[in-house]
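Visitor: Any chance you can model this:
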Amino acid sequence: MQPLSRRRFLTIAACAGVFAPGASAAAGVTQWRETALGAHVTLTLSHPDAETIAERVFAELHRLETVFSLYREDTALVALNRDGHLPAPPFELLECLGLCGRVHRATGGAFDPTVQPLWRAHARQLTNGAPDPEGIEQARALVGWQGVAFDSGSVRLARPGMALTLNGIAQGYIADRVAAMLRREGLSEVMVDTGELHALGGHPGGGDWPVTLQAPDGDVLGRAGLRDAALATSAPAGMRLGGTGPGHILNPATGRPTGARWRLVSVTGPSAALADALSTAFCVMDDRTAMEQALAAFPGMGLMHLS
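Guide: Model prediction:
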């Protein structure tokens, strides 16, 4: 999967009181903009200690960037893919890999972070402008979650050329981590948006945080309210390989981009990481009953939208 720029923006709105949308710094609302995790980050706070909280939020985001980013050469994930092993892995990487294993089992292998070699093969094919079925098959032979082993001492990939992408779960995982940090700061009306959503409490103006479920072509397929819950949405046509190629979600079983049966899949529950991974997996699953069985493995997770 592509690096952590699948969505363009990461925004965090956190409030210690009621403020209206568009309120200015003069009204007690302060906004910061930075770049982290390959995205533009907007942090909006209304809090007496807003500046201190903002510093800690950005420090956490940049720290997580050194774990999960595929953009930089100095990250844990890049080192693992380059060397095939990673000694003394960060706790966050181990925790995320543990979640990956659970979702892989629950979805019958539909979620598989070892598809990164397939991404590379498809990218080469698009760059060269010619079909490369042999290259795709060679990359497909490197796919298989059973080739990933990890414990507190190391992460190991079984075969040379194997590589991981965590873009189907890391954005949700990061949303969970930031939300947990803000909860520890005492904030209770928070929306964290990393491309996947995690809401603490409701909207500071009253009611739930409003969410619009929108297809890549702009069609509005539904609306929902979010309160003390996470939400992740995946769309096979949401991004295209090379910008104009086929959909960005690859089927581990075939090595090809998934078909266009589903326009939009939204999963909700207490964990944005799980919602992210499950919504990604469901894009390559045809059977709704199998989806419900996968959801049953994760208490509180549910299918909000499927079309």
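Visitor: C-alpha only now, for contacts and for neighbours.
Guide: OK.
Visitor: Check which helices and strands the helix or strand harbouring Thr280 is in contact with.
Guide: Secondary-structure element containing Thr280, defined by DSSP states H and E: helix 272-282. Using 3 or more Cα pairs under 8 Å, 6 or more residues apart in numbering; DSSP states H and E as the contact criterion, the neighbours of helix 272-282 among helices and strands are helix 91-106, helix 170-184, strand 229-234, strand 265-269.
Visitor: Now the helix or strand just after it: buried residues?
Guide: Stepping forward along the backbone from helix 272-282, the first helix or strand reached (DSSP H and E) is helix 288-295. Using 16 or more other Cα atoms under 10 Å as the burial criterion, the residues of helix 288-295 that qualify are 291, 294-295.
Visitor: The helix or strand following helix 288-295 pairs with which strands, and in what direction?
Guide: For helix 288-295, the succeeding helix or strand toward the C-terminus, using DSSP H and E, is strand 302-306. For strand 302-306, the pairing partners within the sheet under DSSP bridges are strand 265-269 (antiparallel).
Visitor: so what's Cys100 up against?
Guide: The contact partners of Cys100, by Cα atoms under 8 Å, 6 or more residues apart in numbering, come to 111-113, 169, 277.
Visitor: which helices and strands sit right next to the strand or helix carrying Leu61?
Guide: For Leu61, the enclosing helix or strand under DSSP H and E is helix 50-68. Counting contacts by 3+ Cα pairs under 8 Å, 6+ apart, the secondary-structure elements packed against helix 50-68 are strand 30-36, helix 76-83, helix 91-106, helix 170-184.
Visitor: Name the stretch among those that sits most buried.
Guide: Taking mean count of other Cα atoms under 10 Å as the contact definition, the stretch among these with the greatest mean neighbour count is helix 170-184, which reaches a mean of 22.
Visitor: how many neighbours does Phe298 have?
Guide: Applying other Cα atoms under 10 Å, we find 17 other residues in the vicinity of Phe298.
Visitor: measure it to Ala273 for me?
Guide: The spacing between Phe298 and Ala273, counted by Cα to Cα, to the nearest Å, is 12 Å.
Visitor: Quick check: neighbours shared by the two?
Guide: Applying Cα under 8 Å, 6+ apart, one finds that no residue jointly contacts Phe298 and Ala273.
Visitor: about what we covered before: quick check: which of the helices and strands packed on helix 50-68 is nearest to Asp286?
Guide: Ranking the helices and strands packed on helix 50-68 by distance to Asp286, with Cα to Cα as the measure, places helix 91-106 first at 14.8 Å.
Visitor: after that closest one, next one along is what?
Guide: Tracing the chain past helix 91-106, the next element assigned as helix or strand by DSSP H and E is helix 116-128.
Visitor: Show me what counts as buried in that next one.
Guide: Neighbour count says helix 116-128 has 116-122, 124-126 buried, by 16+ other Cα under 10 Å.
Visitor: Stretch 139-147 too?
Guide: Neighbour-count burial for stretch 139-147 flags 139-140, 142-145 (criterion: 16+ other Cα under 10 Å).
Visitor: quick revisit: any idea which of the helices and strands packed on helix 50-68 scores lowest on pLDDT?
Guide: Least confidently modelled of those is strand 30-36, at a mean of 81 by mean pLDDT.
Visitor: Tell me the helices and strands packed up against that one.
Guide: With contacts defined as 3+ Cα pairs under 8 Å, 6+ apart, strand 30-36 has these neighbours: strand 39-46, helix 50-68.
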